[in-house]
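What shape does this take:
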Amino acid sequence: MSTYYTSKYSGEEIDALLDGVAVFGGATTPQGALANLGAGVRPNLLINPFFEVNQRGQTSYSSTYGVYTVDGWLLNNAETATVNVLSNGVQIVAGTVTAQFRQYLESLSDGVYTLSFLFTDGSLGYAVYEKSGTAYTRKDYTPSNVWGMGMQDTSGKPTAYMYVQAGMSAAPVASKLESGEGQTLAYQDDTGAWQLLPQPESDYATQLARCQRYYLPIDQMEYRAGQVGTNYISFSVPTPGTMRTNPVLAGTANIKATNGTTQSGFAISFVTRGGIARAYAAKNAHGLTDAIIAFESGSALSAEL
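Got it, this is the predicted structure:
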C-alpha cells in the first residue's frame, strides 16, 4: 500500500523557501527574517550608536582634531568640518579635506568585527576587520564615493570611524560595531530599502547612562563642604553611576566662603567613588571652617578617552 504525505505548506511557499525568498512577513534576507521573527541580534560595542545623546547641547559642532561632538563621537580632521545634530542622527559636512567621525573604545579583544552605518538616504555601509594586537586587517568592505569606514589603533585605543570625502556630506542615523562577520544593524525589505533591525539596549535611557560614565554636565550646581582640613576641603558631587575613571573638570569651579565670597589659590581634583565624585580643593592653611563649591555654566566632569 502506498502512503502519501500531504504538506502543510503550499507549493508556492515551498518554492519560495527553495528559491531563497523568505515567507516570514515578506522579508527577503536573513536579517529581515530575524526582525520579523523577533530574534535577537548581536550586542553593539559602540556607545550612543544612534547619536541621540547630546549632553553638550549644541545643535552644530565645528572643529578640527579630536573634539567631541554628540556623546562618544569626535571630529578628527586636518581642516574644519561640521557635525549638525538632526532629529534622526547627525550630518557630517567635510571642508576642503576628508572629515573623520570617530569613537574610541576602552578595550577590544582580538577577533573579527563588523562596523556598519545606516544613512538617511537609505544606504548602508559596512567594513569587516580582523584585529590582532594593534593591527587591523580589512576582510570585506562596501565602497562609496561619498563616505567610508574603518578601524585602527590610535595611541593604544581601539578606534572605529567613518569618514566623508572633501567637499561632501553624509548623514548617518545609526551605527554598530559587533563581534563576528556580517552586520545585524539593518535588513533590506521587499523594495530593497534598508530598515533598522531592533537593537538591544538602544533606548535613550540606557545610552544616556552609558554616556554619563564618560561625561557629566554639572553646570551651575553648588555643593556644601563635607570635610574641612587645614590644607584641604572635600565636597561630594553626586553622579548617576560610577564614572569610567577619576574625572577632570571641564569648565570652572569656584570655592566660596558660606557668605558667598570667592576664594583664590585652591587646586581642585576629583576621585570617583560609586555614585559620588569626591572633589578635593587643596590649599595650604586656607583658614576656612566651611565652604561651598560652585560650578559655573558649561562645566562638566570628563572621563572621556
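
partner residues bridging Ile233?
Beta-bridge pairing of Ile233 under DSSP bridges involves Val228, Ala281.

what residues are up against it?
The neighbourhood of Ile233, defined by C-beta atoms under 8 Å, 6 or more residues apart in numbering, consists of Ala225, Gln227, Ile255, Phe266, Tyr280, Ala281, His286, Leu288, Ala291. In this view, the C-beta of every residue, glycine as well, is placed from N, C-alpha and C.

roughly how far apart are Gln188 and Pro200?
21 Å (C-beta to C-beta, to the nearest Å).

of those two, who's got more company?
Neighbour totals were compared for Gln188 and Pro200, and Gln188 leads with 16 against 11 (other C-beta atoms under 10 Å).

Please pick the buried ones from the contacts of Ile233.
The neighbour-count test (16 or more other C-beta atoms under 10 Å) applied to the contacts of Ile233 identifies Ala225, Ile255, Phe266, Tyr280, Ala281, His286, Leu288, Ala291 as buried.

Just put the contacts of Ile233 in a markdown table and tack on distance to Asp219 and pLDDT.
Listed next are these as a markdown table, based on distance: C-beta to C-beta, whole Å; pLDDT from 0 to 100:
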| residue | distance to Asp219 | pLDDT |
| --- | --- | --- |
| Ala225 | 20 | 98 |
| Gln227 | 24 | 97 |
| Ile255 | 17 | 98 |
| Phe266 | 19 | 98 |
| Tyr280 | 20 | 98 |
| Ala281 | 18 | 98 |
| His286 | 25 | 98 |
| Leu288 | 24 | 97 |
| Ala291 | 19 | 98 |
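
Pick the one among those residues closest to Arg244.
Sorting the contacts of Ile233 by distance to Arg244 puts Tyr280 at the head of the list, at 19.0 Å, by C-beta to C-beta.

Just to check, that closest one is in contact with Arg273?
No - when contacts are counted by C-beta atoms under 8 Å, Tyr280 is not listed as touching Arg273 (11.8 Å).

Residues in contact with both of the two, list them for me.
By C-beta under 8 Å, 6+ apart, no residue touches both Tyr280 and Arg273.

ok, Gly57 - how many residues close by?
Applying other C-beta under 10 Å, we find 9 residues neighbouring Gly57.

beta partners of the residue lying closest to it once chain neighbours are set aside?
Of all residues beyond its chain neighbours, the one nearest Gly57 is Pro217 (8.0 Å), with distances taken as C-beta to C-beta, 6 or more residues apart in numbering. Partner residues in beta bridges with Pro217, using DSSP bridges, are Ala300.

For Pro217, give me its contacts.
Contacts for Pro217 (C-beta under 8 Å, 6+ apart) come out as Gln55, Arg56, Gly57, Ser299, Ala300.

Can you select the buried ones among those for me in ChimeraX?
A single ChimeraX command is used to select the members of the contacts of Pro217 judged buried by 16+ other C-beta under 10 Å:
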select :55,56,299,300
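
got TSV for the contacts of Pro217, with distance to Met168 too?
TSV is the format used below for the contacts of Pro217 (distance: C-beta to C-beta, whole Å):
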residue	distance to Met168
Gln55	28
Arg56	25
Gly57	27
Ser299	36
Ala300	32
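
could you dump the contacts of Pro217 to CSV with pLDDT and distance to Leu208?
Rendered in CSV, the data for the contacts of Pro217 read as follows (pLDDT from 0 to 100; distance: C-beta to C-beta, whole Å):
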residue, pLDDT, distance to Leu208
Gln55, 98, 8
Arg56, 97, 13
Gly57, 96, 13
Ser299, 97, 19
Ala300, 98, 14
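
And the contacts of Pro217, which is closest to Thr262?
Taking C-beta to C-beta as the measure, Thr262 sits nearest to Ser299 out of the contacts of Pro217, at 14.9 Å.

I'd guessed that closest one sits against Asn254; true?
No - the pair Ser299 / Asn254 is not scored as a contact, 10.1 Å apart, by C-beta under 8 Å.

Which of the buried ones among the contacts of Ile233 fall within strands?
Helix and strand membership here follows DSSP state E; of the buried ones among the contacts of Ile233, those in strands are Ala225, Ile255, Tyr280, Ala281.

and the one helix or strand Gly150 maps to, which residues are buried?
Element membership of Gly150 [criterion: DSSP states H and E] is strand 147-154. Taking 16+ other C-beta under 10 Å as the neighbour-count basis, strand 147-154 is seen to contain the buried residues Trp147, Gly148, Met149, Gly150, Met151.
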